[in-house]
Structure formats: C-alpha cells, structure tokens
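[1] Provide a 3D model corresponding to the input given below.
(one chain, ligands or ions: 1)
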Amino acid sequence: MRMLTFRLLENVPKALRIGAALLVAAPCLARADGLSAALTPPMGWNSWNHFAGRVTDADIRSAAEALVRTGMRDAGYVYVNVDDTWQGKRDAQGVLHSNERFPDMKALADFIHSKGLKFGIYSSPGAKTCAGYEGSLGHETQDAQLYASWGVDFLKYDLCSFRKEMQKASAAHPGDPDAAKNLMIAAYKKMGDALQATGRPMIYSLCQYGVDEPWKWGPSVGAAMWRTTGDIHDSYGRMTDIGFSQEGLEKFAGPGQWNDPDMLEIGNGGMSADEYRTHMSLWVILAAPLLAGNDLSRMSDGDQHILMNVDAIAIDQDSLGRQGSRLHQSGDQDVWTRPLSRGRVAVGLFNRGGSPREVSFDLGEIGFAKGAAVRDVWKQKDLGSHSGVFTGTVPKHGVTLLIVGP
Ligand code: GLA
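    Here you go, the predicted model:
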C-alpha cells in the first residue's frame, strides 16, 4: 500500500508531494489544538495494564524492541508510553528526577526514537499520582519543559490526588456547584498550555475517568483524547461494561479528538480469544485509541493476530474518523455499526450470551437496500455480495466483524 502511494506520487509535482507528506505527518507535527494533534486515534503501547508499579527502563526498552520485531510498529503502534511510577524526587530547584528504575529518561527517549517510535509519559495535576509518586501540581511549566527536553511525544495526565483540591474548592464555595469542575478544567488547561508553550508537539491525553463529561471540554484544554470511564480490567465483564456503554458519545469524536474507553487488555490472559476479538472489535468500532497493554516480549501468535489484524486496524484508523454506535440490541445480541470512508460501513455482530447463537442485521438498515459486498474481518475472507438479512453464527462472548460496502 505504502509502495503504491509512493508510485502514484512519482508523477505529482514536488511541491504537491511535500504538501501531501505534511498532511500524512500532521498527526505527529502539532499538539492538540483539536484537529491537528491526532487525525486518527493514537496507537501504541502503555506499561500499566501488565507491569503496573513494577515497570523498569529495561521493560520499556524490551517493549520498544518487540514493537519493531513483531511488526506492530509498522502496523501503526508507535507510541511507547511509560505510565505511573517512573518519578523520583524534585531537587532544590524543583526539577523532577526519575527514580532508580529509570536511570536516564533522555537516553530512554533517544532509544525509543532510534527505533522509529514515539515516547509517552505520565503525570497528574495533583501533588501525587494515583500510585503516590510525585505529581505536577505547582510545577506544570517546569515539568512540561522537562518532558520537551527529554523528547516526550505524549502525556497522559491523570486526575488522582487533584480530587483533594477539588473537594477543597467545593467546600470553599458551597454556593457554586461548578467550583470543583471549573478548578479541574483550569488545571487541565494549565498543563495543556504549558505543553503548547514548549513548542514541542505532544499528544495530550486526559485521564479523569469521564468526570464532568470531558468530551465536552477536552478540546478546549488542548486534549486529543480523554478517558470516558473508570479503569478497565482484564475480564470480559469489565471490558464489555465499558465498551457497550459508550453509546451516545459518538458525536463528540472526530479527527483530533477521541473518546478513550481505556487501554487494551488483549494478551494479558484473563479472557478467551473470542473475548479478546470482541475487545478489539468494539474498540475499533468506537474509534478508540489502541494502546496495547500486554507483555509484548512474550506474546502468543493468537494475540498478535488479534492486535495486528489489518482490517480491524483499518477500521480504527479510517480517515473519516467517525465513531460507531449501536444499531440494535435484543437480549444477548448487540449490533454496532461504524460509517467508514468510501461509503463502507463496519458492522459488529456481538453475542454477549454464554452459548453460540445467530446474530442478524438487514443490509437495508445500513443503507444497502440493493445489497453490498461483505468482508469478514476475523476470517480475513471476502464473503461475496449479500442483500437483505445477513446472519452470522457467533460463538459465546464472540463477534463477527464485517466490512460492508459498494
Ligand atoms: C489510574 C489510571 C490508570 C493508571 C493508574 C496508574 O488508575 O486510570 O490507567 O494510569 O492510575 O496509577
């Protein structure tokens, strides 16, 4: 595909070629001012879901190497994000140092960049992070500049102990129901502005569990993505509670601004292959950021196939940038659709029940009254032309993911 693009561009004047290249690179060039930060949902890996508070510099390096070795980088997973617990102490000037598990953050960033990857980091607007490490309260500008000097490309900013400041604001202004909310938005804007002022493009990712509808104000603080819920766990129950509850948020997503139903658990061992296919299918229909959260150095072939299914990734990264929504639900059947470029539609036929069952939809319902070509994403197979009712036999907790189009 990439070869083909370059061949086509050979006949295009150079100025236009440079313009096209800038357009392709735009997601990486600008910080979050809505449109330009992430024209498609960011993809990469984050340390938390597998390593949590035990993560080390060596783990991050081996994840970066695995992204290259497995082909995940070339499939689009380019951010390597260190989550909570990298922080050490501040010195007399207030400059934050990493702890003994991360001897040299600049060297780590250089290593990640040398692999053609991007480097993400984590902090909190509070005095302490969720794991009790040093947060950015009162040091926002200093920390943003430190990140820029290391070569950081992505910041996850997690509410955590800032809730204490919010409680204080509510207590101080009992007549103002918005006091806590306004303080929180101001704190997120403060870091957003500080990142912007560094001049280094960094994707700004809000993590405050959906408190006070961040999808409504995230873009105004410079964010390219915002968590919509509390934390995911590696279980079918928790994953589907989150995924199937995203209905209604689709109107707030688009190029440069993404709802984030939390990071992926694929490969962490708590779900069956069908359940992980459901996880990936739901997330790509939701146009979610795809941040793998497993131990990439020991990933099974099956998990690799789920994370690297080219059609699933293409749905997630579709250039229209429209988040999908529920078409209908009946008992254990849940059917979701996502409009795609070139008049196509992704359709997820989910079986939420405990035994195999048939799940159906009518092609007429999604604009193909005269029929359309159907491709099965997980079987990697064109199913030919269909019209009227399409029925998939779906295993328990599984999915049939289709791309339907002219
Ligand atoms: C919160 C976040 C998680 C993770 C942890 C780290 O719970 O929601 O994604 O970053 O903090 O402490």
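[2] For the ligand, what's the nearest residue on the stretch 301-406 of the chain?
    Nearest residue of the stretch 301-406 of the chain to the ligand (CB to the nearest ligand atom) works out as Leu307 at 18.7 Å. Every C-beta, even on glycine, is put in place using the N, C-alpha and C of the backbone.
[3] That residue is in contact with Asn268, isn't it?
    No. Using CB atoms under 8 Å, Leu307 is not in contact with Asn268; the gap is 11.8 Å.
[4] the more surrounded of these two?
    When neighbours are counted by other CB atoms under 10 Å, Leu307 and Asn268 differ, and Leu307 comes out ahead with 25 against 18.
[5] What values do phi and psi take at that one?
    Main-chain dihedrals, Leu307, degrees, to the nearest 10: phi -70, psi -30.
[6] Show me which residues of the stretch 201-350 of the chain sit near the ligand.
    Residues of the stretch 201-350 of the chain that fall close to the ligand, judged by CB under 6 Å from any ligand atom: Cys207, Asp231.
[7] Show me which residues of the stretch 51-200 of the chain are close to the ligand?
    Residues of the stretch 51-200 of the chain lying near the ligand (CB under 6 Å from any ligand atom): Asp83, Asp84, Thr129, Cys130, Ala131, Asp158.
[8] Sitting in strands, which of these do you find?
    Within these, membership in strands is found for Asp158, as judged by DSSP state E.
[9] Tabulate the residues of the stretch 51-200 of the chain next to the ligand (CSV), appending neighbour count and pLDDT.
    Output for these, formatted as CSV (neighbours: other CB atoms under 10 Å; pLDDT from 0 to 100):
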residue, neighbour count, pLDDT
Asp83, 25, 98
Asp84, 23, 98
Thr129, 22, 98
Cys130, 20, 98
Ala131, 16, 98
Asp158, 25, 98
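[10] what sits against Gly353?
    Gly353 makes contact with Gly331, Asp332, Lys396, His397, according to CB atoms under 8 Å, 6 or more residues apart in numbering.
[11] in the stretch 101-250 of the chain, which ranges drop under the pLDDT threshold?
    Of all residues in the stretch 101-250 of the chain, none has pLDDT under 70.
[12] Going along the chain, name the strands of it.
    118-123, 154-158, 203-207, 225-227 (DSSP state E, counting those that start in this stretch).
[13] As a markdown table, those strands with distance to Ala52 would be great.
    Formatted as a markdown table, these follow (distance: least, CB to CB, whole Å):
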| stretch | distance to Ala52 |
| --- | --- |
| strand 118-123 | 12 |
| strand 154-158 | 14 |
| strand 203-207 | 15 |
| strand 225-227 | 17 |
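[14] Quick one: closest of these to Pro42.
    With CB to CB, the closest approach to Pro42 among these belongs to strand 203-207: 5.7 Å.
[15] mind listing the helices in this structure by residue range?
    Applying DSSP state H to the chain gives helices spanning 2-9, 14-29, 48-51, 57-70, 72-75, 105-114, 140-150, 162-172, 179-198, 214-217, 236-243, 273-285, 301-307, 310-316.
[16] Just say which of the ones you listed is most tucked in.
    helix 273-285 (a mean of 24; mean count of other CB atoms under 10 Å).
[17] Report all helices and strands that it contacts.
    Contact analysis of helix 273-285 by 3 or more CB pairs under 8 Å, 6 or more residues apart in numbering; DSSP states H and E lists helix 236-243, helix 301-307, helix 310-316, strand 333-339, strand 345-351, strand 399-405 as its packing neighbours.
[18] Show me what the third one packs onto, helices and strands only.
    When contacts are defined as 3+ CB pairs under 8 Å, 6+ apart, helix 310-316 sits against helix 273-285, strand 399-405.
[19] so how far is the shortest one off the chain centroid?
    Relative to the centre of its chain, strand 399-405 is centred 21 Å away, using CA atoms, centre = their mean, to the nearest Å.
[20] Can you tell me what sits against that strand?
    The contact list for strand 399-405, computed with CB under 8 Å, 6+ apart, reads 274, 277-278, 281-282, 284, 311-312, 315, 340, 342-351, 359, 363, 366, 368, 372-378, 383, 390, 392-394.
[21] Buried members of the residues you listed into PyMOL, please.
    Typed into PyMOL, the line below selects the buried ones among the contacts of strand 399-405, using 16 or more other CB atoms under 10 Å:
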select buried, resi 274+277+278+281+282+284+311+312+315+340+344+345+346+347+348+349+350+351+359+363+366+368+372+374+375+377+378+390+392+394
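[22] still on that earlier bit, show the pLDDT at the residue of the stretch 301-406 of the chain closest to the ligand.
    Confidence at Leu307, expressed as pLDDT, is 98.
[23] Name the nearest residue to Ala179, sequence neighbours excluded.
    Leaving aside its chain neighbours, Ala179 sits nearest to His173 (3.9 Å; criterion: CB to CB, 6 or more residues apart in numbering).
[24] what about that neighbour, how many neighbours?
    Neighbours around His173, by other CB under 10 Å: 14.
[25] which residue sits farthest out from the middle of the protein?
    What lies farthest from the middle of the chain is Gly175; by CA atoms, centre = their mean that is 37.5 Å.
[26] any idea how far that one is from the ligand?
    As judged by CB to the nearest ligand atom, to the nearest Å, Gly175 and the ligand stand 31 Å apart.
[27] for that residue, what are its contacts?
    Per CB under 8 Å, 6+ apart, neighbours of Gly175: none.
[28] again with Arg298
    By CB under 8 Å, 6+ apart, no residues touch Arg298.
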